[in-house]
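*Asks:* make a model of this:
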Amino acid sequence: MVIVMEDNATESMIIAVSERLEKFGFQVHRVNGVNRTILGAIGDKRGIDIRGFELAEGVHEVLRITEPYKLAGRTFHPENTVVTVKDAVLGSEKITVMAGPCSIESEQQLFHIAREVRTAGAKILRGGAFKPRTSPYSFQGLGVEGLKLLKQAGEEFGLATISEVMEISQVNLMLDYVDIFQVGARNMQNFSLLRELGKIKKPVMIKRGMAATIEELLMAAEYVMAGGNYNVILCERGIRTFENYTRNTLDISAIPVTHKLSHLPIIADPSHGTGLRDKVGPMARAAVAAGADGLMIEVHHEPEQALSDGAQSLYPQQFLRLMEELRMIAWAIGRELN
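*Replies:* I've put the predicted structure just below:
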């Protein structure tokens, strides 16, 4: 359930209600809104008479949450969550773009691309150091050496960094190198990993699974938030359907639907959503028009030589042109490119 405190509720009143909830076995999550403090009580409420809380000093109202995602839903947190990392802002009126290569291949490759995407206006540098591949014989990434290069490139060009974490043992390893942890589509329901990421203080971006519903995506976010990490970003990256012309089917409708159900920022990944370079631009433009808080786009200066996902990577000049187009679309809907 959710307990909404009065505008003039004092800190002692809020603490008293929180302690009372904890005595009943609830896990209490506090959100300080613009005007009111909201207490989210997670736990078994059977046998609890909520009228006792409704009459408590400083309480405005008590609401029952019917959705399975308690912390990720708007009942608990009506205002949009804004995640800020260095110069990057996700969840505000500004639209932020993450860009870079699918895989970190070398220092020369990464720094070249980082310079290009920074010049075009990207705020976050993406790059895979540990790569989950369908084939065990495909390039699996540079590992720790790749993480070191990613950190160096981020510092060199003033970009925040994001990279995929694949297992629990990599969490502490990556802490010093990345600003945002990415949970890939294949790990969206790796609940042990999600619980571990709930213990850290850095933002976590969760990609929608290949056959996951929006509710299942929000439940994945719930695992991280239940651990105390509320800096969660959602990512629509396409789902698997019967259509095989594109790599996946990018679900543009998931963007406004998720905004209605959740306060968390949601971005789109048109690169993985289509798998085709010439389709990335149209779907990126559509995602911004639909209300996406950001985009993740793969860029490579020599995509024909890329060790992974070259066919869906934009040339730097294509990315620059796309950013110019996105600025116009953002302006048309009352937003701006960060």
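*Asks:* does Ala284 belong to a helix or a strand, and which?
*Replies:* Using DSSP states H and E, Ala284 sits in helix 277-289.
*Asks:* helices and strands around that helix, which ones?
*Replies:* In terms of contacts (3 or more Cβ pairs under 8 Å, 6 or more residues apart in numbering; DSSP states H and E), helix 277-289 is packed against strand 266-268, helix 270-274, strand 294-298, helix 316-332. C-betas here are computed from N, CA, C, even on glycine.
*Asks:* which parts of the helix or strand bottoming out on mean pLDDT in the chain are buried?
*Replies:* Sorting the helices and strands of the chain by mean pLDDT, DSSP states H and E puts helix 51-54 at the bottom, at a mean of 86. Of the residues in helix 51-54, Phe53 count as buried by neighbour count, 16 or more other Cβ atoms under 10 Å.
*Asks:* then that helix to PDB, C-alphas only?
*Replies:* Taking Å, rounded to 0.1, in the frame of the first residue of the first chain, the C-alpha atoms of helix 51-54 are listed here in PDB:
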ATOM      1  CA  ARG A  51      -7.900   2.400   9.000                       C
ATOM      2  CA  GLY A  52      -5.400   2.600  11.800                       C
ATOM      3  CA  PHE A  53      -3.000   4.200   9.400                       C
ATOM      4  CA  GLU A  54      -5.600   6.500   7.800                       C
END
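*Asks:* beyond it, next helix or strand please.
*Replies:* Sequence order places strand 59-63 as the next helix or strand after helix 51-54, per DSSP H and E.
*Asks:* flag every buried residue along that following strand.
*Replies:* Within strand 59-63, the residues that qualify as buried are 59, 62, counting by 16+ other Cβ under 10 Å.
*Asks:* then stretch 272-291?
*Replies:* Buried residues in stretch 272-291, defined by neighbour count with 16+ other Cβ under 10 Å: 272-275, 277, 279-281, 283-288, 290-291.
*Asks:* kindly report the same for stretch 178-196.
*Replies:* Within stretch 178-196, the residues that count as buried by 16+ other Cβ under 10 Å are 178-185, 187-190, 193-194, 196.
*Asks:* which residues in the stretch 1-150 of the chain form helices?
*Replies:* 11-23, 51-54, 107-120, 144-157 (DSSP state H, counting those that start in this stretch).
*Asks:* the last one packs against which elements?
*Replies:* This points to helix 144-157. helix 107-120, strand 124-126, strand 160-164, helix 171-174.
*Asks:* right, so of the helices of the stretch 1-150 of the chain, which gets closest to Ala306?
*Replies:* Minimum separation from Ala306 across the helices of the stretch 1-150 of the chain (Cβ to Cβ) falls at helix 107-120, 8.7 Å.
*Asks:* can you give me the offset of the closest one from its chain's centre?
*Replies:* 23 Å (Cα atoms, centre = their mean, to the nearest Å).
*Asks:* how about residues contacting it?
*Replies:* 99-101, 104, 125, 127, 149-150, 152-154, 156-159, 299-302, 316, 319-320, 323 (Cβ atoms under 8 Å, 6 or more residues apart in numbering).
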